[in-house]
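Student: here's my sequence, what's the structure:
(4 chains)
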2 protein chains.
Amino acid sequence: MTVKPASKKPTATERIRATLADEIVRGDIGPGVILDEASLAERFSVSRTPVREAIRQLEAIGFAEARPHRGAVVPHFTPEKLTEMFTVMAEMEALCARYAAANPSPALREALKAAHHDCRQVAQSGDITAYQEANRHFHEAIYTLSGNVFLAEVTRGVRNRLAPFRKAQFNHTGRLMGSITEHDIIVEAILNGDGEAAAHHMRDHLRVVRNSVGKIMQGLGVDD
Amino acid sequence: MTVKPASKKPTATERIRATLADEIVRGDIGPGVILDEASLAERFSVSRTPVREAIRQLEAIGFAEARPHRGAVVPHFTPEKLTEMFTVMAEMEALCARYAAANPSPALREALKAAHHDCRQVAQSGDITAYQEANRHFHEAIYTLSGNVFLAEVTRGVRNRLAPFRKAQFNHTGRLMGSITEHDIIVEAILNGDGEAAAHHMRDHLRVVRNSVGKIMQGLGVDD
DNA sequence: GATGATTTGTACGTATGTATA
DNA sequence: ATATACATACGTACAAATCAT
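Tutor: Numbers count the residues shown, from 1 in each chain, chains lettered A, B, ... in the order given. I've put the predicted structure just below:
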């Protein structure tokens, strides 16, 4: 309702950007891979022009690094860099939670409760893909409740940049229900208007997420 | 040594992006203005291609908003949006300060002291342009001292997006020396390892900055 | 609501810069 | 070090979409 007017005719550039971003998120493309304009143009059956534009937009969200005259590559995330990124995400989401706790809007508070309820429902069903969507909505509800649209933008940006590394965190149902429990505490703090507690619990929640991701990555030998 | 090899021959795209960004920062272009590809191409004596690329990069840093098939415009900042942006900047810089206070590196702590010292020197000279540079270095020193490169990136990004509205804040020497006093307190807290105090004083510092800017904008009728 | 004017989106060719032999 | 190969950066032409009439 409040977002996504959903354009009727996606331009080629948008389609390519979305596809590439998705593949980078899924890990199909992976860090270090060179984004060759010619190959991509052939693959998408378009000219190199929209490919170039798409790559530019990927740079904007940190999914590509361009060197003049030398092409663009998918950035190489070291474990240290990932730790930094998770730390920042945790702090920003904690900030959102703190502000959210100060927002009295009944409608938005209800929206948060609803999103949390959906999360629980979906978690019990065990559908991991569906849960990721519900989880995203939950965090979006907090962004909205923060009452600061710009804060929401920046936080969402950081979150999206970490998307490639959050993908596999819910492969265990145990973790999935654990996430719900953590959400519980966060929601309670927010609804109680306790900003400090909300921020604290959100940081804890994301620390758990980071650790899960860390273990998975080590297992997969994702980096370095 | 580790960064910025400083390319000898900037591409046309980079030149155009830098120029446009600078003009937006200075307010020469101003919110609401349509970035017409053809006119810009003519103005820079290039084809539309590099202009398009430049506009894409401007979108990335929030200096342009593109609507498919309808061109790009310089975003329209409402006073509410500006307040939000300043709030986020204050929180992020406070975060940097908090982390900085926990960093024991003697070299980086010396760098902060040096940057602060430079600020004071330049402030006494009264050279406003030079002070803005020194001030930037001061805040950069804190970003570095935070020990989180990614946090520095994000914070710098937010700071840059507010650049167009910080330009005129130091037109009074009084404000300029006041800024030094505020820096004093922040530096002391950081060097004492008191993260909470550092964050608190940084927030206060930027609140003052925001208020200065707010008054100036009202006087100029900058928006709405 | 249809048509023409204008602007953006895409295709493709050429030039230039970078890397490798 | 010079030259060659290759990918990118840029220019130009056309197609498609938006807006103005």
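Student: can you list the domain ranges for chain A.
Tutor: When chain A is parsed with automatic domain parsing, its domains come out as A:12-73, A:79-220.
Student: touching chain B at all, the longest one?
Tutor: Yes: residues of domain A:79-220 are located near chain B by CB under 8 Å from any CB of the partner chain, namely A:81, A:84-85, A:87-88, A:91, A:95, A:148-151, A:154, A:158. C-beta: built from backbone N, CA, C; applies to glycine.
Student: and the furthest pair within those?
Tutor: Greatest spatial distance among these (CB to CB): A:Lys81 and A:Val149, at 28.0 Å.
Student: in terms of neighbours, single out the busier of the two.
Tutor: Taking other CB atoms under 10 Å in any protein chain shown, A:Lys81 and A:Val149 do not tie; A:Lys81 has more neighbours (16 against 13).
Student: from memory the more buried one sits against B:Val149, does it?
Tutor: Yes: in this structure, A:Lys81 is within contact of B:Val149 by CB atoms under 8 Å, at 7.4 Å.
Student: what's the least confident helix or strand in chain A, going by average pLDDT?
Tutor: Within chain A, no helix or strand scores below helix A:195-220, which has a mean of 80 by mean pLDDT, DSSP states H and E.
Student: all strands of chain A, in order?
Tutor: A:34-35, A:65-67, A:71-73 (DSSP state E).
Student: what does the average pLDDT come to for the second one?
Tutor: Right, the one you point to is strand A:65-67. Strand A:65-67 carries an average pLDDT of 87.
Student: now for it, which elements pack on it?
Tutor: In terms of contacts (3 or more CB pairs under 8 Å, 6 or more residues apart in numbering or on different chains; DSSP states H and E), strand A:65-67 is packed against helix A:48-60, strand A:71-73.
Student: could I get the buried residue list for the shortest one?
Tutor: Neighbour-count burial for strand A:71-73 flags A:Ala72 (criterion: 16 or more other CB atoms under 10 Å in any protein chain shown).
Student: does that strand reach DNA strand D?
Tutor: Yes: Strand A:71-73 reaches DNA strand D (CB under 7 Å from any atom of the strand) through A:71-72.
Student: strand partners of that strand, parallel vs antiparallel please.
Tutor: Strands that pair with strand A:71-73, judged by DSSP bridges, come out as strand A:34-35 (antiparallel), strand A:65-67 (antiparallel).
Student: chain neighbours aside, what residue packs nearest to the residue of chain A found nearest chain B?
Tutor: Here chain A gets closest to chain B at one residue, A:Ala60, 3.2 Å apart by CB to the nearest CB. Once flanking residues are discounted, A:Ala60 sits nearest to B:Ala60: 3.2 Å by CB to CB, 6 or more residues apart in numbering or on different chains.
Student: name the spans of chain A whose pLDDT lies under the cut-off.
Tutor: Low-confidence segments of chain A, defined by pLDDT under 70: A:1-9, A:164, A:166-174, A:213-224.
Student: the helices in it, which residues?
Tutor: With DSSP state H as the criterion, chain A has helices at A:12-26, A:37-44, A:48-60, A:79-101, A:106-125, A:128-145, A:149-166, A:173-191, A:195-220.
Student: run through the residues that contact A:Arg109.
Tutor: Residues near A:Arg109 by CB atoms under 8 Å, 6 or more residues apart in numbering or on different chains: A:103, A:145, A:190-191.
Student: switch the cut-off to 10 Å
Tutor: By CB atoms under 10 Å, 6 or more residues apart in numbering or on different chains, the contact list for A:Arg109 reads A:100, A:103, A:141, A:145, A:187, A:190-191.
Student: for the residue of chain A found nearest DNA strand D, give me its contacts.
Tutor: Closest residue of chain A to DNA strand D, CB to the nearest atom of the strand: A:Gly71 (3.2 Å). For A:Gly71, the contacting residues are A:34-37, A:55, A:64-65, by CB under 10 Å, 6+ apart.
Student: who wins on neighbours among those?
Tutor: Going by other CB under 10 Å, A:Ile55 tops those with 25 neighbours.
Student: now do A:Ala163 against B:Thr87, distance only.
Tutor: Separation of A:Ala163 from B:Thr87 (CB to CB, to the nearest Å): 26 Å.
Student: for A:Pro75, same thing?
Tutor: Taking CB to CB as the measure, A:Pro75 falls 29 Å from B:Thr87.
Student: go on, A:Thr49?
Tutor: Distance from A:Thr49 to B:Thr87, counting by CB to CB: 40 Å.
Student: ok, the two, which is more surrounded?
Tutor: Neighbours were counted for A:Thr49 and for B:Thr87 using other CB under 10 Å; B:Thr87 has more, 20 against 14.
Student: got the contact list for that one?
Tutor: B:Thr87 is in contact with A:95, A:99, A:147-148, A:150-151, B:203, B:206-207, B:210, counting by CB under 10 Å, 6+ apart.
Student: any of the residues you listed buried? List them.
Tutor: Among the contacts of B:Thr87, those scoring as buried are A:95, A:99, A:147-148, A:150-151, B:203, B:206, B:210 (criterion: 16+ other CB under 10 Å).
Student: which pair in those residues has the greatest spatial separation?
Tutor: The largest separation in these, counting by CB to CB, is between A:Gly147 and B:Leu206 at 18.7 Å.
Student: could you count how many residues lie near the closest residue to A:Ala152 other than its chain neighbours?
Tutor: Sequence neighbours aside, A:Tyr143 is the residue nearest to A:Ala152 in space, at 3.7 Å (criterion: CB to CB, 6+ apart). Neighbourhood size, A:Tyr143 [other CB under 10 Å]: 23.
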